[in-house]
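**Q** next one to model:
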Amino acid sequence: MPTPRLQVLADLGILGLAGSFLVSGCASSNPCLTEPMSASAAAVEAGASLVVSAPSATCNLGYGPETTYGLTLISVVPPARPPVSIRVPVNQDGSFSTRVRIPKDFPAGDATVLVTGSPLDGCGAEGSCAAYSVSFTVQR
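**A** Model prediction:
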C-alpha cells in the first residue's frame, strides 16, 4: 500500500492529467466560439417582448446559409412552467437578432434565454463549457 504522501501525489497527477484532457478536449475540438449575446433590457414586463442578439464572431464558425439556433425561454423561479422554445436563423458570421415574446402568464422573477446549436454545445462530455445564454428579470 502506498504511503499517504505518495498516494496524494499520485492522485494529484491523475487529476492533473484529467484536467488537461478536459480543458484541451473542449478547446481543441472547437477553438472558434460565438461572441456573448445580450438582451435589449435587464427587465421586461410579462406579455412584452425582449430582443436577444449576438454580434459577429471574431473567427470563422463555418456556418452555412441555413444555420439556426434553438432559443429556450426558461423561468428560474418556481412554479415550474414549461419552457418556451423557438428556432432562429443565424447569419454565417454567427450574428443574430430576434424578438422573444414573454408570455403574459410567465412567472415574475429571474429568467434565462438559453441557446442550443452553437459551438458551445460541443463540449458536452469532453469538458465544462459555459452555457450560451442571457439572463434578465420578468416583471408584473
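**Q** how many residues are close by residue 106?
**A** Applying other Cβ atoms under 10 Å, we find 20 residues neighbouring residue 106. C-beta coordinates here come from the backbone N, C-alpha and C atoms, glycine included.
**Q** how about the contacts made by it?
**A** When contacts are counted by Cβ atoms under 8 Å, 6 or more residues apart in numbering, residue 106 touches 46, 73, 75, 81, 84, 138.
**Q** and what of residue 67?
**A** Listed by Cβ under 8 Å, 6+ apart, the contact set of residue 67 reads 89-90, 92, 117.
**Q** I figured residue 71 hits residue 113, correct?
**A** Yes: with contact defined as Cβ atoms under 8 Å, residue 71 reaches residue 113; the gap is 5.5 Å.
**Q** shared neighbours of the two, anything?
**A** 52, 100.
**Q** lowest-pLDDT helix or strand in this structure?
**A** One helix or strand of the chain scores below all others by mean pLDDT, DSSP states H and E: helix 4-29, with a mean of 36.
**Q** what about whichever helix or strand comes after that one, average pLDDT?
**A** Using DSSP states H and E, the helix or strand that directly follows helix 4-29 along the chain is strand 38-39. Mean pLDDT, strand 38-39: 97.
**Q** then stretch 80-100?
**A** Averaged over stretch 80-100, pLDDT sits at 92.
**Q** and the residue nearest to residue 37 when sequence neighbours are not counted, bridged to which residues?
**A** In this structure, residue 37 finds its nearest non-sequential neighbour in residue 54, 3.9 Å apart by Cβ to Cβ, 6 or more residues apart in numbering. For residue 54, the beta-bridge partners under DSSP bridges are residue 96.
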